[in-house]
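K.L.:
Okay, structure incoming, though there's no sequence with it:
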Ligand SMILES: *[C@@H]1O[C@H](CO)[C@@H](O)[C@H](O)[C@H]1NC(C)=O
Ligand SMILES: *[C@@H]1O[C@H](CO)[C@@H](O)[C@H](O)[C@H]1NC(C)=O
Ligand SMILES: *[C@@H]1O[C@H](CO)[C@@H](O)[C@H](O)[C@H]1NC(C)=O
Ligand SMILES: *[C@@H]1O[C@H](CO)[C@@H](O)[C@H](O)[C@H]1NC(C)=O
């Protein structure tokens, strides 16, 4: 069905073209800024500098415009939160040139209205990560869509994050807001109420690490972007006891090496609720699974929940297989090449000739198991807020240029999903939330980070340097934890609203 939008469309301008019932938006993956030298104090008081690149926080950005006339910004697309906020041009960080994806200047917009001065404050799960300022409304356009008038937004002048976020979760998970109803119409709600989409649902294809471009399709599914069938998974209750986030039931995790040998990493009867969150870079596994996986790879901690492995591990042919939903469920195979991230340490600063690369996993933060980009890159995911369902299939690799989009209609069917897998999952008990993972920290020798572990998995590509490093680490083991090289880290987890409800 073709929809038309109001009188202005008589002019048939490009924004007035009939809506096909969905809205496709490109997602761009970016690696933040240049490598930088990080000062590091050793336990004996001496100071080294280590070349590091704060790169495990890969960014997945979409373009929006705000205000009249339109101001252009790129913001993180975040399935794990529900507010749209942008950095204010007046923020000290932006004035220093630290806001690399555009800023919003309310004084230049004739349609800008303040709703609650200083009332906006969103806090994400990563330590210290909050952004605060005013609640306001203004005209929004995403992907050249029909303008959404009076979209409520946060305009942040106190920044932790250098660019804004478009949360596309449940409106019931919005951050603190002044509306007496408790929620305000989110971007998702307004895409539906303006007739751009039929249902509060969208599909996400981040695409693999070798590609720079993925897509989110509001109101549609692209059947060329996955293999096998989509399997529907009823959403599970979050920590606050209601369904207001994309928690699905993870029932098995295993590693299959290049010879086909499989090591089971999760215990029998495993049924863990995990949050599908595009705003987090890593995959945060329960401690038991994380320990088995990290030690299998000989990963070492570098502080703040970050772990590194030799970069050459990116070339091995193993996969990490995740099963969801129990019987009749779906298995997503994540190649190791998709989880060994960018280089954090050069060969000179790391005890392996291939350098040290980000290992895309961590222990649960604040007791939440979060499945971020190092998982989502290998999945095609449909997020259906209206029916509290997420559907998953194996992503087809690097299919940026194909397209066959089916509209998600009103009602409950998800195109391509015929099976529903219903295993229920539980949250991590509070008692286990503060456990320290049993994975060694990197130690320091001279200006090098030293590997403390030897992989227990069959990793293939071996290197003499790693053996030397393992020996060296023994002699300096008393200095474990000395290295905390960077404020690398975790992207956006849960909105504060979710944590205090
Ligand atoms: C966003 O806009 C910029 C500038 O027009 C363009 O270079 C970039 O490719 C766009 N990104 C996406 C994801 O559409
Ligand atoms: C926002 O909230 C966080 C968490 O409560 C707090 O630490 C921070 O100081 C607040 N920011 C502002 C600018 O009020
Ligand atoms: C991985 O598999 C590819 C294709 O089968 C093969 O060419 C390559 O040599 C393998 N790499 C390793 C390290 O075994
Ligand atoms: C995991 O995925 C690999 C690669 O597709 C496959 O060979 C293996 O059989 C899978 N293992 C399990 C336990 O499903």
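P.N.:
Received the coordinates, thanks. Just so you know, these numbers come straight off a predicted model, no measurement behind them. Ligands and ions are numbered 1, 2, ... in the order given.
K.L.:
what about whichever residue of the stretch 251-400 of the chain sits closest to ligand 3, how many residues close to it?
P.N.:
Here the residue of the stretch 251-400 of the chain nearest ligand 3 is residue 317; by Cβ to the nearest ligand atom that distance is 3.8 Å. In this view, the C-beta of every residue, glycine as well, is placed from N, C-alpha and C. Using other Cβ atoms under 10 Å, the number of residues around residue 317 comes to 14.
K.L.:
State the phi and psi torsions of it.
P.N.:
Residue 317 has phi and psi values of phi -100, psi 20 when expressed as degrees, to the nearest 10.
K.L.:
Tell me the secondary structure at whichever residue of the stretch 101-250 of the chain sits closest to ligand 3.
P.N.:
Nearest residue of the stretch 101-250 of the chain to ligand 3: residue 210, at 14.3 Å (Cβ to the nearest ligand atom). Applying DSSP: H, G, I helix; E, B strand; the rest coil to residue 210 yields a three-state assignment of coil.
K.L.:
How much space separates residue 147 from residue 66?
P.N.:
Separation of residue 147 from residue 66 (Cβ to Cβ, to the nearest Å): 10 Å.
K.L.:
my bad, should have said residue 199
P.N.:
25 Å.
K.L.:
Looking at those two, which is more packed in?
P.N.:
Each of residue 199 and residue 66 has its neighbours counted (other Cβ under 10 Å); residue 66 has more, 27 against 22.
K.L.:
For the more buried one, list each beta-bridge partner.
P.N.:
Following DSSP bridges, residue 66 is listed with bridge partners residue 71, residue 140.
K.L.:
which stretches of the stretch 301-450 of the chain form strands?
P.N.:
In the stretch 301-450 of the chain, the segments counted as strands under DSSP state E, counting those that start in this stretch are 306-310, 319-324, 330-335, 340-345, 356-359, 361-362, 370-371, 379-384, 389-395, 405-407, 417-420, 443-445, 448-450.
K.L.:
Ok, which of those comes nearest residue 25?
P.N.:
Nearest to residue 25, of all the strands of the stretch 301-450 of the chain, is strand 405-407, at 12.3 Å by Cβ to Cβ.
K.L.:
what residues does the closest one touch?
P.N.:
Contacts of strand 405-407 from elsewhere in the structure, counted by Cβ atoms under 8 Å, 6 or more residues apart in numbering, are 20-22, 24, 198, 217, 219-223, 415-416.
K.L.:
Do me a favour and get the end-to-end distance for stretch 309-326?
P.N.:
31 Å (Cα to Cα, to the nearest Å).
K.L.:
For stretch 385-399, buried residues please.
P.N.:
Neighbour-count burial for stretch 385-399, counted by 16 or more other Cβ atoms under 10 Å, picks out 385, 387, 389, 390, 391, 392, 393, 394, 395, 396, 399.
K.L.:
Would you map out the domains in this protein?
P.N.:
Domain assignment of the chain by automatic domain parsing yields the ranges 5-197, 226-433.
K.L.:
which stretch in the ones you listed is the model least sure about?
P.N.:
Across the domains of the chain, domain 5-197 has the smallest mean pLDDT, namely a mean of 81.
K.L.:
that older thread, would you quantify the distance from the residue of the stretch 251-400 of the chain closest to ligand 3 to ligand 2?
P.N.:
44 Å (Cβ to the nearest ligand atom, to the nearest Å).
K.L.:
which one is that residue nearest to, not counting chain neighbours?
P.N.:
residue 258 (3.9 Å; Cβ to Cβ, 6 or more residues apart in numbering).
K.L.:
so how many other residues sit close to that neighbour?
P.N.:
If we define neighbours as other Cβ under 10 Å, then residue 258 has 15 of them.
K.L.:
Could you report the distance from it to ligand 1?
P.N.:
Distance, residue 258 to ligand 1, by Cβ to the nearest ligand atom: 35 Å.
K.L.:
Ok, residue 193 next?
P.N.:
Residue 193 sits 24 Å away from ligand 1, going by Cβ to the nearest ligand atom.
K.L.:
what do residue 147 and residue 66 both touch?
P.N.:
With Cβ under 8 Å, 6+ apart, residue 147 and residue 66 have common neighbours 139, 140, 141.
K.L.:
How many residues are close by the first one?
P.N.:
Neighbours of residue 139 under the rule other Cβ under 10 Å: 19.
K.L.:
Need the winner for burial among the domains of the chain.
P.N.:
domain 226-433 (a mean of 21; mean count of other Cβ atoms under 10 Å).
K.L.:
Having no further points to raise, I will conclude here.
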